[in-house]
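Chemist: Here is a sequence together with a model predicted from it:
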Amino acid sequence: MHPFLEKVKRDGESFFVHHTKIEELLPMHSHNKHQLSYVEGGVAFLNTRNKSYFFPARHFIWIPAGREHNVTSRTSVKMIRNIFFPKWVIPQDHKLQERGGIFPVTNLLMEMIYHTAEWRGDISKKDGAEFEFLIAMKNIVLNVAENPLPIVLPTTENEILQPILRYIHLNIDQDLYLDKIAEEFGQTPRTLSRLFQRNMETSFLQYVKLTRIIKSMEMLLQTELSITEIAYSCGYNSISAFSYAFHQLIHRSPNEFRKQNV
């Protein structure tokens, strides 16, 4: 076991605070505590066995105890701020016991995360004020965990689909049609459609739509390109079609999303 994971697991009753980039170096793993991660200065993805969660600036990710995962970044990240919550502090009937997600960081929660910047390692009841502070943070997390960011990209280990998914990501600026991609990879459209539904529980069209929107979110946060340039770079033929699809999923316009998160 990685030495870092041993430290997280050694006291099941305590919180554990760890601010570092180390999460990028870990393989798929799990631990006995819930994990809150906030990425400072970059865009990252939480990967589980069958899903990839995009989390941009001003959002935190919640990973339930026991969930296999790792965190990767496509951009340079200044810091990943991790706070591990013992299972007992989350009410047994609360959805955060079992369900992860991406949630917006309120100004108060952001200030609380930064307040822990110099803390390291286990924090238990004997630590007094620090422990009570993290209990208060837990209550704030419970309050804000009502509106998850609705962007989850299915993944799969299916050997037929993996090169097709890579092709989609590499050609997201192009028109992507089921029949043409099926032919390109030696499948019938019907077979390829079934592969998506059976292995990823989504349609080919929905997967392409999610990939386009996630790519656009990255570009909105990481570039100074105009909304129009981003729309065409993500495969949309018009800014109106892009704005409609974006609002349908994110419940904000591309411009609003950029202003709120940059």
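Modeler: Ah, there it is. Source: prediction; values computed, not measured.

Chemist: Not counting its neighbours along the chain, what's nearest Leu220?
Modeler: Arg258 (4.5 Å; CB to CB, 6 or more residues apart in numbering). Backbone N, C-alpha and C define where each C-beta goes, glycine included.

Chemist: same question but for Val17, I mixed them up
Modeler: Nearest to Val17 is Trp119, by CB to CB, 6+ apart, at 4.3 Å.

Chemist: in what helix or strand does the one you found lie?
Modeler: Assigned by DSSP states H and E, Trp119 belongs to no helix or strand.

Chemist: Show the model's pLDDT score for Ile63.
Modeler: Looking at Ile63, its pLDDT stands at 92.

Chemist: what's the neighbour count on Pro3?
Modeler: By other CB atoms under 10 Å, the residues close to Pro3 number 6.

Chemist: just checking, next helix/strand downstream of the worst-scoring helix or strand of the chain on mean pLDDT?
Modeler: The helix or strand of the chain with the lowest confidence, counting by mean pLDDT, DSSP states H and E, is strand 51-55 at a mean of 78. Downstream of strand 51-55, the first helix or strand assigned by DSSP H and E is strand 59-63.

Chemist: all strands for the stretch 1-150 of the chain, in order.
Modeler: For the stretch 1-150 of the chain, applying DSSP state E, counting those that start in this stretch gives strands covering 15-20, 33-40, 44-47, 51-55, 59-63, 70-73, 79-86, 101-104, 121-123.

Chemist: Give me the distance from the fourth one to the chain's centre.
Modeler: Taking the mean C-alpha point of strand 51-55 and that of its whole chain, the gap between them comes to 3 Å (CA atoms, centre = their mean, to the nearest Å).

Chemist: And the pLDDT at the nearest residue to Asp11 once chain neighbours are set aside?
Modeler: Spatially, and ignoring its direct neighbours in sequence, Asp11 is nearest to Asp122 (5.2 Å; CB to CB, 6+ apart). For Asp122, the model assigns a pLDDT of 95.

Chemist: which stretches of the stretch 1-150 of the chain aren't confidently modelled?
Modeler: Where the stretch 1-150 of the chain drops to pLDDT under 70, the residues are 1, 22-25, 41-42, 57, 74-77, 150.

Chemist: Please determine how far the residue nearest to Leu220 is located from Ser233.
Modeler: From Arg258 over to Ser233 the distance is 15 Å, taken as CB to CB, to the nearest Å.

Chemist: Can you classify Asp175 as helix, strand or coil?
Modeler: With DSSP: H, G, I helix; E, B strand; the rest coil as the basis, Asp175 sits in coil.

Chemist: Contact partners for Tyr177?
Modeler: For Tyr177, no residue counts as a contact, taking CB atoms under 8 Å, 6 or more residues apart in numbering as the criterion.

Chemist: cool, and His2?
Modeler: His2 neighbours (CB under 8 Å, 6+ apart): 26, 29.

Chemist: How far does the strand or helix carrying Thr228 sit from its chain's centre?
Modeler: In the assignment (DSSP H and E), Thr228 maps to helix 227-233. Counting by CA atoms, centre = their mean, helix 227-233 is centred 23 Å from the centre of its parent chain.

Chemist: Check stretch 58-68 too.
Modeler: Per CA atoms, centre = their mean, the centroid offset for stretch 58-68 relative to its chain is 8 Å.
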